[in-house]
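# The following comprises the amino acid sequence and a computationally predicted model.
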Amino acid sequence: MASRDDFFDVSKASVRRSMVLFASGAVIGLLIAGYGLFTAKGTRSRGVPAEAVALVNQRQILRSDFMTQTQSQFAVPFEQSTRAQRMETIEAMIDEELMMQRGLEIDLPSYDPEVRNALVAGVELEVTADVLAQQPTPDELRGYYEQYKDRYSSEGVMQLRDLLSTSPADAPKAVEALRRGHALDAVIKQYGLVDSGRLMDAGHVDTGDIFQFAVRAKLDDALYAAASALRDGDISTPITLSDGVHLIVMIHHRWPVPQSFDVASNRVWSDFKKEAQAKVRAANLAYLHSRADIIVSPEYAH
């Protein structure tokens, strides 16, 4: 068996020494290769793809975007732009890409509302891009119109008063007097009626023509339901709400008029596209929910 002194005596053969030197060489080679691998810039790609003008942390700045931005920034065709202008553009695009990547790195969308809103809007635009690009056929639009025909009519107009009785017991008497044709102002005075304040415009009671959608927005459901059924000169029965007894006096009611397909075609097209976008958005959200791990606080869980 070789002695310990044989290991350091190079004039004598030593298997142990040979193995140690071999292993040491392999380790040193791996260390050198690893250093070169992890310190080299652009390790994953040593060249710029043909469709790009630069790579920033392996993210491409596309040549088409570069050309468009150069033309837009300097208001000249790309072929007529100077090298200095092109260099200014590419440097600006690299700076922008670095800032964008930094924003993602520090998770800027998680706490900046404007960034979050822009990101959500961008994703929704990408999801619905195909829907926006597609043009519905005349038959599709006609079918949609026939399916939702009741949506398409001119807007009705009402001229009315919503009166509140200060003496609920006198409300039926006031209705009876109005139905017999007594003057509105005289009945208001005689039975202590006042405007409820719901039909206000700029601080005053609106006694003129009001679009029906505005009446719907201003009145309670029960009051609007009563008003929408009244014709010119009709008086509603007393309607009891939390603030008292109401009387609706319909002075003039111009009813909505159904619109033909030709007249309503622009609205039909807009509604058709909106509904298609809503369906795509709902499907996309359903997909995202299906692959997400979502935990909701117990008090807000379904």
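That came through fine. Numbers count the residues shown, from 1 in each chain.

# Quick check: which element contains residue 116?
Take DSSP states H and E as the rule and residue 116 turns out to sit in helix 113-133.

# Show me which positions of that helix end up buried.
Buried positions in helix 113-133, judged by neighbour count with 16 or more other CB atoms under 10 Å: 127-128, 131. From N, CA and C alone the C-beta is placed, and that goes for glycine too.

# same question, stretch 276-283
For stretch 276-283, by 16+ other CB under 10 Å, it's 276-277, 280.

# just stretch 97-104 next, same as before
residue 97.

# mean confidence for that stretch?
For stretch 97-104, mean pLDDT is 89.

# Then stretch 166-179?
pLDDT averaged over stretch 166-179 gives 92.

# Extract the C-alpha trace of it and format it as CSV.
Extracted C-alpha coordinates of stretch 166-179, given in CSV (Å, rounded to 0.1, in the frame of the first residue of the first chain):
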residue,chain,number,x,y,z
THR,A,166,-101.3,66.9,4.3
SER,A,167,-104.6,65.4,5.5
PRO,A,168,-104.8,61.8,4.4
ALA,A,169,-108.5,61.6,5.2
ASP,A,170,-109.2,64.3,2.6
ALA,A,171,-107.2,62.6,-0.2
PRO,A,172,-110.2,60.7,-1.6
LYS,A,173,-112.2,63.9,-1.6
ALA,A,174,-109.5,65.7,-3.5
VAL,A,175,-109.4,62.9,-6.1
GLU,A,176,-113.2,63.0,-6.5
ALA,A,177,-113.1,66.8,-6.9
LEU,A,178,-110.4,66.6,-9.6
ARG,A,179,-112.2,63.9,-11.5
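
# Low-confidence regions, the stretch 51-200 of the chain specifically.
Across the stretch 51-200 of the chain, nothing is flagged by pLDDT under 70.

# all strands for it, in order.
Assigned by DSSP state E, counting those that start in this stretch, the strands in the stretch 51-200 of the chain fall at 52-56, 59-62, 157-165, 193-195, 200-201.

# So which residues of the stretch 201-302 of the chain form strands?
So, for the stretch 201-302 of the chain - with DSSP E, counting those that start in this stretch - the strands run 204-205, 210-211, 239-241, 244-254.

# angle of the last one against strand 157-165?
With axes from the mean of the first three to the mean of the last three CA atoms, to 10 degrees defining the directions, strand 244-254 sits at 160 degrees from strand 157-165.

# contacting residues around strand 244-254?
Identification of contacts with strand 244-254 by CB atoms under 8 Å, 6 or more residues apart in numbering yields 156-166, 168, 171, 174-175, 178, 184, 193, 196, 207, 209, 223, 226-227, 230-236, 238-240.

# Are any of those buried, and if so which?
156-165, 171, 174-175, 178, 193, 196, 223, 226-227, 230, 234-236, 238-239.

# can you redo the strands of the stretch 201-302 of the chain as a markdown table with mean pLDDT and distance to residue 141?
Output for these, formatted as a markdown table (pLDDT from 0 to 100; distance: least, CB to CB, whole Å):
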| stretch | mean pLDDT | distance to residue 141 |
| --- | --- | --- |
| strand 204-205 | 86 | 43 |
| strand 210-211 | 95 | 26 |
| strand 239-241 | 94 | 41 |
| strand 244-254 | 95 | 28 |
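
# And those strands: which comes nearest residue 284?
strand 210-211 (35.9 Å; CB to CB).

# And that closest one, what does it pack against?
Packing partners of strand 210-211 (3 or more CB pairs under 8 Å, 6 or more residues apart in numbering; DSSP states H and E): strand 157-165.

# Perfect, I'm done here.
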